[in-house]
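Visitor: coords please:
(one chain, ligands or ions: 1)
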Amino acid sequence: MHVIPTAKTSSHLEVRKPRLWMPERVLFTPAALEESYGQKILERVESLNLPVEKLSRNRLTNLRGESDRETYNISKRTLAVVTAPPSSFKLSPIPPSADWQFHIAEGCPAHCQYCYLAGSLQGPPVIRVFANLPQILENLSAYLLPDKTTSFEVSCYTDPLGIEHLTGSLSECIRYFGTTENGHLRWVSKFDQVDELLDLPHNGHTRCRTSVNAAPVSSRFEGGTASVASRLQALRKLALPRTQGGGGYPVGLVIAPIMPIDNWTEHYTHLLDSMSEALDFECDLTFELISHRFTPGSKEVLQTWYPQSKLDMDEATRSVKRNKFGGTKYVYDADTMKKLRRFFEDEITKRFPQGRILYWT
Ligand code: SF4
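Guide: Alright, predicted model coming up:
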């Protein structure tokens, strides 16, 4: 058992018990049940007394409700254990976060009204986890270079910690990267149940990150997640040295999506203060700073998922950014971006002289 010295927390951020998502339905395809890792997931969900349905075909059907909203509600309560298709074995780069991305699942049980997955994943937002995990990991070796660190991001299409109690897949990834010569894993989460990760043989090859935001953004727009205070305490546990009962991991803070809400300097100053309270010891720490943006596609999906949302997605107040494939993104104007960037870079450098800011976007 770990006895962890707890950092004092700011009174405006209360720590609650770990947030565990329990699906109302767990579907297994026949192909997933043929996989030995699929059987391990079956054991886990059965031990949690979750209702299991073994499908007769590999296709997921009957997930649509009578409206988009109902489809959303059904999907976000459903875990589907499937096999990753052969196409997913060809990895894509993911700058600026890592060299490559790979996926152990697609979909997330939380309800963030700005969700990054909107517009990226097709179909109902059911949470699909991949039973052919050993093959997914084995495939990574083809991307590892003998004489250079290669980094892999595993949280582009899911929150891997949010489903870890049901799958164990994140732990498997951490163990795998611990055995590689110079493969490095990166994951990020808005959940907080990290106790099972603390003793894993990670060999310093996994950077655990938590995604945080100012209290008004988090409380208004991040449904179904752990509180920011709990996420920070979880990161503290991961970062503390093993001799103090922690995980001894390299860690990171992802401040995202940054929004110039009313009194933003005051709210983000509170956040930065609670970050320094939680990490009041020396550790290997990075920062990633991501301002809010949306695309025409993500806006359309988010409006069907969260029709009452007060999230600002007014194109008229934004600047347009085009990528080389002709895609359009709406970002804040140059002056706002400059002010935000300067504030975060100055305040982080002041509080965390050892921390490294990896990028601002
Ligand atoms: S935690 Fe991330 S992936 Fe999950 S709903 Fe929120 S933004 Fe989307």
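
Visitor: Hmm, residue 169 is touching residue 133, no?
Guide: Yes. If you go by C-beta atoms under 8 Å, residue 169 and residue 133 touch, sitting 5.5 Å apart. Every C-beta, even on glycine, is put in place using the N, C-alpha and C of the backbone.

Visitor: and the chain, what are its domains?
Guide: What automatic domain parsing lists as the domains of the chain is 22-188, 190-289+357-361.

Visitor: Distance to residue 310 and mean neighbour count added to those domains, as TSV?
Guide: Shown next, in TSV, are the domains of the chain (distance: least, C-beta to C-beta, whole Å; neighbours: other C-beta atoms under 10 Å):
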stretch	distance to residue 310	mean neighbour count
domain 22-188	8	18
domain 190-289+357-361	7	19
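
Visitor: what residues does this protein put near the ligand?
Guide: Applying C-beta under 6 Å from any ligand atom, one finds that the chain approaches the ligand through 108, 110-112, 115-117, 159, 190, 225.

Visitor: List the contacts of stretch 251-267.
Guide: Residues from elsewhere that reach stretch 251-267 (C-beta atoms under 8 Å, 6 or more residues apart in numbering): 114, 186, 188, 207-217, 235, 238-239, 268, 271, 275, 279, 283-293, 312, 332, 336, 339-340, 343-344, 358.

Visitor: tell me how far the ends of that stretch are from each other?
Guide: End-to-end distance for stretch 251-267: 23 Å, by C-alpha to C-alpha, to the nearest Å.

Visitor: do stretch 113-130 as well
Guide: 25 Å.

Visitor: Report the distance from it to the chain centre.
Guide: How far stretch 113-130 lies from its chain's middle: 12 Å, per C-alpha atoms, centre = their mean, to the nearest Å.

Visitor: Overlap in contacts, residue 169 and residue 133.
Guide: residue 104.

Visitor: Please, where are all the helices along the protein?
Guide: Counting by DSSP state H, the chain has these helices, from start to end: 30-34, 36-47, 68-75, 133-140, 164-167, 169-179, 215-221, 228-239, 264-278, 296-305, 334-351.

Visitor: could you redo those as JSON lines and give each row distance to residue 252 and mean pLDDT?
Guide: Output for the helices of the chain, formatted as JSON lines (distance: least, C-beta to C-beta, whole Å; pLDDT from 0 to 100):
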{"stretch": "helix 30-34", "distance to residue 252": "32", "mean pLDDT": "98"}
{"stretch": "helix 36-47", "distance to residue 252": "28", "mean pLDDT": "98"}
{"stretch": "helix 68-75", "distance to residue 252": "30", "mean pLDDT": "93"}
{"stretch": "helix 133-140", "distance to residue 252": "21", "mean pLDDT": "98"}
{"stretch": "helix 164-167", "distance to residue 252": "18", "mean pLDDT": "98"}
{"stretch": "helix 169-179", "distance to residue 252": "15", "mean pLDDT": "98"}
{"stretch": "helix 215-221", "distance to residue 252": "18", "mean pLDDT": "98"}
{"stretch": "helix 228-239", "distance to residue 252": "8", "mean pLDDT": "98"}
{"stretch": "helix 264-278", "distance to residue 252": "11", "mean pLDDT": "98"}
{"stretch": "helix 296-305", "distance to residue 252": "24", "mean pLDDT": "94"}
{"stretch": "helix 334-351", "distance to residue 252": "12", "mean pLDDT": "98"}
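
Visitor: Kindly reformat those as CSV containing distance to residue 322.
Guide: Converted to CSV, the helices of the chain look like this (distance: least, C-beta to C-beta, whole Å):
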stretch, distance to residue 322
helix 30-34, 40
helix 36-47, 41
helix 68-75, 28
helix 133-140, 32
helix 164-167, 37
helix 169-179, 34
helix 215-221, 26
helix 228-239, 33
helix 264-278, 27
helix 296-305, 12
helix 334-351, 15
